[in-house]
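Visitor: here is a sequence together with a model predicted from it:
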Amino acid sequence: MKDFRNKVVVITGAGSGMGRELAIKLAQRGAKVAISDVDPDGLATTERLVTEAGGEVHSQLLNVAEREAFLTYADAVVEHFGTVNAVINNAGIAHHGEVETMEFKDIERIMDVDYWGVVNGTKAFLPAIIASGDGAIVNVSSLFGLLSEPGQAAYNSAKFAVRGFTEALRQEMLISGHNVAVTCVHPGGIKTAIARNATASGDHDAAATAAFFDKYLANTSAPKAADIILRAVQKENARVLVGADAKLIDLGVRLVGSYYQGITAKITQWGMSRVS
């Protein structure tokens, strides 16, 4: 996928943030886009912006955790456009809480959206993408798919799982000879609403944590993140680190190995004291 012109690209979680920016930028580059989200108002706004950018768009409400609905959605998109060249599995949610205080349902909800949503999207569209002869699968993991963070066990679990799933899929596509590039995306702190929409358990103050994230950690804009991702797709990169923080932390983990856990624990403890 060196050129997006006239390619059909599916984007989940397109109602805001990186998903919205990806849809707009793809439309500006001549792609046809299929967008979905659980937020009807956000999705409608993205649809309008894509149309204003000159793009052809298929828009539908979708909960990526609902497998049968996702499979039906994939059939509808293929029927509408006649083909699908790429899927960007971007939809995601967050939850703050220690393993000791989290409920099973908290972990299951994050895994259902952040991991199974990626699996559902990949499996639903993979046959069409292979058949297109010029395809790509882009799965959004996280900086927290590179290192673990106290209070993020559920999110870490999902994002590490996305990384493992995506890297295995890339190797399978290489072995099979299918012309399908597979890219795993690891964003650092991006200026989106994911932190503000996060839920929390135990003593976590979700609003205070979101405010801290927005002020100190969200250093990359969503439009810039979208540009980085699309360049990586065109280059068929296996992995893309989005933001200087992601690059720095990835290097640090590689250098110190498991010793990063003690360092991260102390930094997190300091950060939590600032939040409280």
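Guide: Received it, and whenever you're ready, just let me know what you need.

Visitor: hey, where'd the strands end up in the stretch 1-150 of the chain?
Guide: 8-11, 32-37, 57-61, 86-89, 95-96, 135-140 (DSSP state E, counting those that start in this stretch).

Visitor: the shortest one: partners in the sheet, and parallel or antiparallel?
Guide: Paired with strand 95-96 in the same sheet, following DSSP bridges, are strand 199-200 (parallel).

Visitor: Provide the contact partners of the strand it pairs with at residue level.
Guide: Applying C-beta atoms under 8 Å, 6 or more residues apart in numbering, the contact partners of strand 199-200 are Ile93, Ala94, His95, His96, Gly97, Asp106, Ala206, Thr209. C-beta coordinates here come from the backbone N, C-alpha and C atoms, glycine included.

Visitor: what's the PyMOL line that selects buried ones from those?
Guide: Remark: buried members of the contacts of strand 199-200, expressed as a PyMOL selection using 16 or more other C-beta atoms under 10 Å:
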select buried, resi 93+94+95+96+97+106+206+209
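
Visitor: among the contacts of strand 199-200, which one lies nearest to Asp112?
Guide: Asp112 lies nearest to Ile93 out of the contacts of strand 199-200, by C-beta to C-beta, at 9.3 Å.

Visitor: how much space between the closest one and Thr199?
Guide: Ile93 is 8 Å from Thr199, where distance means C-beta to C-beta, to the nearest Å.

Visitor: go on, Leu143?
Guide: For Leu143, the distance to Thr199 - C-beta to C-beta - is 20 Å.

Visitor: got the buried residues for stretch 233-243?
Guide: Val233, Asn237, Arg239, Val240, Leu241, Val242, Gly243.

Visitor: in CSV: the contacts of strand 199-200, plus pLDDT and distance to Leu22.
Guide: Listed next are those as CSV, based on pLDDT from 0 to 100; distance: C-beta to C-beta, whole Å:
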residue, pLDDT, distance to Leu22
Ile93, 96, 18
Ala94, 93, 19
His95, 93, 24
His96, 91, 26
Gly97, 93, 29
Asp106, 96, 28
Ala206, 70, 26
Thr209, 69, 26
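
Visitor: helices of the stretch 101-250 of the chain, start to end?
Guide: 104-110, 116-132, 153-176, 206-212, 222-234, 244-256 (DSSP state H, counting those that start in this stretch).

Visitor: number of residues surrounding the closest residue in space to Gln234 that isn't next to it in sequence?
Guide: Nearest non-adjacent residue to Gln234, counting by C-beta to C-beta, 6 or more residues apart in numbering: Lys2, 5.6 Å away. Lys2 has 8 neighbouring residues, counting by other C-beta atoms under 10 Å.

Visitor: bridging residues for Gln60?
Guide: Bridge pairing for Gln60 - DSSP bridges - gives Ser36.

Visitor: so in that sheet, which strands flank the top strand by length along the chain, and in what orientation?
Guide: For the chain, the longest strand by residue count, based on DSSP state E, is strand 180-187. Strand pairing for strand 180-187, determined by DSSP bridges: strand 135-140 (parallel), strand 239-242 (parallel).
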